[in-house]
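1. structure, please.
(2 chains)
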Amino acid sequence: NAGVTQTPKFQVLKTGQSMTLQCAQDMNHNSMYWYRQDPGMGLRLIYYSASEGTTDKGEVPNGYNVSRLNKREFSLRLESAAPSQTSVYFCASSPADQGRDEQFFGPGTRLTVL
Amino acid sequence: QKEVEQDPGPLSVPEGAIVSLNCTYSNSAFQYFMWYRQYSRKGPELLMYTYSSGNKEDGRFTAQVDKSSKYISLFIRDSQPSDSATYLCAMSVSGGSYIPTFGRGTSLIVHP
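-> Coordinates of the predicted model:
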């Protein structure tokens, strides 16, 4: 039982390049989330998917797109990376549809945009 | 004013001390409260959650909610160097609200 997995663990991009961060969970949760975490800023929600087939913007969606591929997988895409997107990205899942808001996080992706 | 306030620390204590980590909040509708631990360069992991008021104990950890004061606490007894991490509180209006509000975290250092 791996929980939430993320790939890659580290990535360095040049300004303007694109990339997709992958996330998968094996806990059969309906809800999945993408956060970024910056020093002093805490966790900020980028996008979330309450259930398969739906996605919604969070607090900081600009410059990002998401795809809920199926119940297990939720990807985050940077179409044209900018230095301001240098951050640590966490994917999470939760059984919110069962009345529980606990979130289970992946190990994170450390992204540097030069 | 942020909905959830948490002192960033760092809080430095000697091994064996009782640690108190706290969060205050402004939304009186919050009823679902969670604590996460985040080790350096790792993802947050859920420690405990409580619903509404009262205490919940799990080993050396006790979560306490005081809704009248809009204040929650996490107590760690007999603290160990392995407890050194950042502790984040999170809360939501009810279970199933989908998007909890996180505090920014308190850094705890337990020195031998």
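
2. is chain A within reach of the helix or strand hosting B:M48?
-> If you go by DSSP states H and E, B:M48 is part of strand B:45-51. Yes: for strand B:45-51, a contact with chain A is found by CB under 8 Å from any CB of the partner chain, at B:45-46, B:49. All C-beta spots, glycine's among them, are computed from the backbone N, C-alpha and C.

3. list the contacts for B:L11?
-> By CB atoms under 8 Å, 6 or more residues apart in numbering or on different chains, the contact list for B:L11 reads B:19, B:21, B:106-109.

4. show me which of those residues are buried.
-> Neighbour counting by 16 or more other CB atoms under 10 Å in any protein chain shown classes B:19, B:21, B:106-108 among the contacts of B:L11 as buried.

5. which two of these have the greatest separation?
-> Largest separation among these by CB to CB: B:V19 and B:S107, giving 11.8 Å.

6. residues in contact with the residue most central in space within chain A?
-> The centre of chain A sits closest to A:W34, judged by CA atoms, centre = their mean, with a distance of 2.7 Å. Applying CB under 8 Å, 6+ apart to A:W34 gives the contacts A:21, A:23, A:45-48, A:58, A:64, A:66, A:74, A:76, A:89-92.

7. from those residues, which ones fall inside strands?
-> A:21, A:23, A:45-48, A:64, A:66, A:74, A:76, A:89-92 (DSSP state E).

8. strands along the chain, start to end?
-> You didn't say which chain, so I picked chain A. Using DSSP E, strands in chain A cover A:4-7, A:10-13, A:19-25, A:31-38, A:42-49, A:56-57, A:64-68, A:74-78, A:87-94, A:104-105, A:109-113.

9. let's do chain B instead
-> Counting by DSSP E, the strands of chain B are B:4-5, B:11-14, B:19-25, B:32-38, B:45-51, B:54-58, B:61-66, B:71-76, B:85-92, B:101-102, B:106-111.

10. neighbouring contacts of the fourth one?
-> By that I understand strand B:32-38. A:101-103, A:105, B:21, B:44-51, B:61, B:63, B:65, B:72, B:74, B:85-95, B:97, B:100, B:105.

11. just the buried residues from those, in PyMOL please.
-> Buried residues within the contacts of strand B:32-38, by 16+ other CB under 10 Å, are selected in PyMOL with:
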select buried, (chain A and resi 101+102+103+105) or (chain B and resi 21+44+47+48+49+50+61+63+65+72+74+85+86+87+88+89+90+91+92+93+95+97+100+105)
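
12. any chance of the residues of strand B:45-51 next to chain A in TSV, plus pLDDT?
-> Shown next, in TSV, are those (pLDDT from 0 to 100):
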residue	pLDDT
B:E45	96
B:L46	95
B:Y49	91
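
13. okay, now the sheet partners of the strand holding B:M48, with direction.
-> strand B:32-38 (antiparallel) (DSSP bridges).

14. pull the strand it pairs with out as CSV, backbone CA atoms only.
-> Output of strand B:32-38 as CSV, limited to C-alpha atoms (Å, rounded to 0.1, in the frame of the first residue of the first chain):
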residue,chain,number,x,y,z
TYR,B,32,-13.0,19.5,12.3
PHE,B,33,-9.5,19.9,13.5
MET,B,34,-6.3,18.2,12.3
TRP,B,35,-2.6,18.2,13.2
TYR,B,36,0.1,17.2,10.7
ARG,B,37,3.8,16.6,11.2
GLN,B,38,6.2,17.5,8.4
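
15. now the angle from it to strand A:87-94?
-> Strand B:32-38 and strand A:87-94 are oriented at 140 degrees to each other (axes from the mean of the first three to the mean of the last three CA atoms, to 10 degrees).

16. nothing else from me, thank you.
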